[in-house]
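Colleague: fold the following.
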Amino acid sequence: MRRGSRHHRSALLIVLPGALLLASCATTQPQTKAQQGGLTGAAIGAIAGSIIGYQGDHSGGALRGALAGAAIGGALGAGVGAYMDKQQAEFERRLAEERRAHRIEVERLRNENLKITMNSEVSFDFDSAELKPAFRATLDKVADILARYPRTTIRITGHTDNIGSAAYNLELSRRRAESVAWYLEDHGVDRRRIHTEGRGESQPRADNRTEAGRQLNRRVEILIAPDDSFRKG
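Modeller: Below you'll find the model as predicted:
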């Protein structure tokens, strides 16, 4: 009992500092998202592997499990990061004109997620949930990329300013999110990947007391995340 316990503590003393160092490098060093994903995955895999390994073999199991977990976790993390890197690059390239005109934004968030923000001024008429014909060419590009990267989930969220009642704005934001969802489905995106919601005026990103602020708050956001099966390999 004591010898096994000492071996376990020794293994953890080797594993945990290294795992923490990997996690630290993933968040502080300038790397691609694929590299960050690989380091983070390796750190998580090392810790999980050491625990699982110890349960099966109190002596060397923790260390062997940590090494195996680091290898598997690193490969999975790098794979997810590379997949999202490619998707982000394609959005940025094909939506370059819209981004320069501030009609659409492409952001990389934590946990490998991407966010596409569409300005409602160019996508919907006032007080309407019907997509403007001129904006459909932009959504065609978005739909094409999403359809070719199927290992993601898509959450579409509508937002409004605070003009009008909160209840009306909530319903308008929901209908606008649904309009985008139906358009994406009609252009090749599997509806089972898509979730929609309306937030109304509850999540402003700018001051509603100015027209410029209200314009920023009228938007539809598309959150793109690696699906669970991808993260688990």
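Colleague: residue 225 and residue 113 touch, don't they?
Modeller: Yes: counting by Cβ atoms under 8 Å, residue 113 is a contact partner of residue 225 at 4.7 Å. The C-beta positions use only the backbone N, C-alpha and C, and glycine is treated the same way.
Colleague: more neighbours: which of those two?
Modeller: residue 225 (19 against 16; other Cβ atoms under 10 Å).
Colleague: wait, a helix at the more buried one?
Modeller: No: counting by DSSP: H, G, I helix; E, B strand; the rest coil, one finds residue 225 to be strand, located in no helix.
Colleague: residue ranges with poor pLDDT in this structure?
Modeller: Across the chain, the ranges flagged by pLDDT under 70 are 1-78, 231-233.
Colleague: what about the helices in it?
Modeller: Assigned helices in the chain, in chain order: 2-28, 33-56, 61-94, 96-100, 120-123, 136-148, 166-186, 211-217, 228-232 (criterion: DSSP state H).
Colleague: next, count neighbours for residue 149.
Modeller: The burial count for residue 149: 17, using other Cβ under 10 Å.
Colleague: is it true that it touches residue 87?
Modeller: Yes: here residue 149 reaches residue 87: they are 4.8 Å apart, a contact under Cβ under 8 Å.
Colleague: could you give the number of residues near residue 150?
Modeller: Residue 150 has 11 neighbours, counted by other Cβ under 10 Å.
Colleague: what residues are up against it?
Modeller: 190, 193 (Cβ atoms under 8 Å, 6 or more residues apart in numbering).
Colleague: next one: the one 10 residues further on
Modeller: When the contact criterion is Cβ under 8 Å, 6+ apart, the partners of residue 160 are 120, 169, 170, 172, 173, 200, 201, 217, 218.
Colleague: most widely separated two among those?
Modeller: Maximum pairwise distance among those (Cβ to Cβ): 14.7 Å, between 120 and 170.
Colleague: more neighbours, the two?
Modeller: Using other Cβ under 10 Å, the more surrounded residue of residue 120 and residue 170 is residue 120, with 25 against 18.
Colleague: for beta bridges, what are the partners of the closest residue to residue 195 other than its chain neighbours?
Modeller: Among residues not flanking residue 195 along the chain, residue 155 sits closest, at 4.8 Å (Cβ to Cβ, 6 or more residues apart in numbering). Taking DSSP bridges, one finds residue 195, residue 223 as the beta-bridge partners of residue 155.
Colleague: and residue 155, how close does it get to residue 82?
Modeller: Counting by Cβ to Cβ, to the nearest Å, the gap from residue 155 to residue 82 is 22 Å.
Colleague: repeat for residue 142
Modeller: Relative to residue 82, residue 142 is positioned 21 Å away (Cβ to Cβ).
Colleague: same thing with residue 153?
Modeller: Using Cβ to Cβ, we find residue 153 at a distance of 18 Å from residue 82.
Colleague: what does residue 133 give?
Modeller: Residue 133 is 36 Å from residue 82, by Cβ to Cβ.
Colleague: who's in contact with residue 141?
Modeller: For residue 141, the contact set (Cβ under 8 Å, 6+ apart) comprises 94, 95.
Colleague: how much space between it and residue 131?
Modeller: 14 Å.
Colleague: quick check: domain ranges of the protein?
Modeller: Structural domains assigned to the chain are 2-81, 95-232, following automatic domain parsing.
Colleague: thought residue 172 was touching residue 127, still the case?
Modeller: Yes: counting by Cβ under 8 Å, residue 127 touches residue 172, with 7.3 Å between them.
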